[in-house]
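Visitor: here's a sequence, model it:
(one chain, ligands or ions: 2)
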Amino acid sequence: MSSKSLQVGITGGIGAGKSIVANIFSVLGVPIYDADTRAKFLMNRDEGLKANIVELLGPTAYQQDGMLNRTYVGGQVFGNPSLLEKLNAIVHPAVGKDFQQWAKVQSTPYVLKEAALLIENGTYQELDAVIVVAAPEDIRIQRVLDRDAHRTEEDVKNIIDRQLPQQEKTSRADFVVDNSGEVLVIPQVLEIHQQILDQIGR
Ligand SMILES: CC(C)(COP(=O)(O)OP(=O)(O)OC[C@H]1O[C@@H](n2cnc3c(N)ncnc32)[C@H](O)[C@@H]1O)[C@@H](O)C(=O)NCCC(=O)NCCS
Ligand SMILES: Nc1ncnc2c1ncn2[C@@H]1O[C@H](COP(=O)(O)OP(=O)(O)OP(=O)(O)O)[C@@H](O)[C@H]1O
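Guide: Ligands and ions are numbered 1, 2, ... in the order given. Take a look at the predicted model:
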């Protein structure tokens, strides 16, 4: 019988490189729960959640096809901290529950929960360890502008303002991955992976 997997979080500010670093862990066989993608899946499918979002943001929050109108919702909440807080309060408990259901059926020594927000919403306290991916702000902004054709520099700065400063994230981390481009990332991931396995005694 397999024992419960350790739960490790991986986070970082917008454009820090969470997804790319999580992909390296995935190659090592670590199951990844992608909270941001899963949140969108639930916002598209969970009727109770959808009703709460429509109540908060109005019917324009959903397109004709029933899918979340992400551009509209992003435009509403990223410039309005109190509205974003209300949306978070609706979405985050649903994601937390979904993650625990997913984690229950994993059988590896540890799993990774990848999420933009882990420190901000206190979720990190429920995890066994936290990895923060870090890179200088100017590099993060440029990477997001190169990746997301629909976002302006102002959009990205707005989102950064809605997140904890990177320094506060790294100060709460058990492990930090330097993704500035100055240090090779794969050796850092291999070292963290080994340290986690050593802690578990594998
Ligand atoms: C507002 C939404 C619809 C915008 O979707 P869109 O596809 O345009 O952007 P995306 O989700 O990729 O977010 C862009 C970046 O913003 C940041 N971000 C996302 N949600 C939040 C948030 N609640 N607070 C601060 N930053 C956030 C992340 O760094 C993310 O990578 C979406 O971000 C959302 O539903 N957010 C609220 C729910 C949430 O917190 N999800 C993430 C954690 S579970
Ligand atoms: N070391 C690197 N060198 C060059 N490009 C990189 C590096 N790391 C990440 N990128 C690129 O920067 C962009 C942001 O990376 P990624 O999507 O992994 O960040 P993220 O932290 O998941 O971002 P978000 O919070 O927006 O979801 C991607 O297009 C990615 O391919």
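Visitor: correct me if wrong, but Tyr33 is in a strand.
Guide: Yes: counting by DSSP: H, G, I helix; E, B strand; the rest coil, Tyr33 is found in a strand.
Visitor: that one reaches Lys113, doesn't it?
Guide: Yes: applying C-beta atoms under 8 Å as the test, Tyr33 and Lys113 come out as touching, 4.8 Å apart. For glycine as for every other residue, the C-beta is placed from the backbone atoms N, C-alpha and C.
Visitor: hey, what's in contact with both of those two?
Guide: Taking C-beta atoms under 8 Å, 6 or more residues apart in numbering as the contact rule, Tyr33 and Lys113 both touch 99, 103.
Visitor: quick one: which of the two has more around it?
Guide: For the pair Tyr33 and Lys113, the greater number of neighbours falls to Lys113 (27 against 22), based on other C-beta atoms under 10 Å.
Visitor: can you confirm the more buried one is in a strand?
Guide: Yes: applying three-state DSSP, one finds Lys113 inside a strand.
Visitor: what sits against the spatially most central residue of the chain?
Guide: By C-alpha atoms, centre = their mean, the chain has its centre lying nearest to Ala115, at 1.3 Å. Residues in contact with Ala115 (C-beta under 8 Å, 6+ apart) are 9-11, 18, 35-36, 95, 123.
Visitor: repeat the analysis, applying 10 Å as the threshold.
Guide: For Ala115, the contact set (C-beta atoms under 10 Å, 6 or more residues apart in numbering) comprises 9-12, 18, 33-36, 38-39, 92, 95, 99, 121, 123-124, 127.
Visitor: just the buried ones among the residues you listed, please.
Guide: By neighbour count, with 16 or more other C-beta atoms under 10 Å, these hold 9-12, 18, 33-35, 38-39, 92, 95, 99, 121, 123-124, 127 as buried.
Visitor: show me where this structure has strands.
Guide: For the chain, the strands defined by DSSP state E cover 6-11, 32-34, 110-114, 129-134, 175-178.
Visitor: per-residue confidence at Asn121?
Guide: Predicted confidence (pLDDT) for Asn121: 89.
Visitor: quick one: it from ligand 1, how far?
Guide: Distance from Asn121 to ligand 1, counting by C-beta to the nearest ligand atom, to the nearest Å: 8 Å.
Visitor: would you mind confirming that that residue is in contact with His92?
Guide: Yes: with contact defined as C-beta atoms under 10 Å, Asn121 counts as touching His92 (5.6 Å).
Visitor: okay, the angle between the lengthiest helix in the chain and strand 6-11?
Guide: Across the chain, the longest stretch assigned as helix under DSSP state H is helix 81-104. Helix 81-104 runs at 150 degrees relative to strand 6-11, counting by axes from the mean of the first three to the mean of the last three C-alpha atoms, to 10 degrees.
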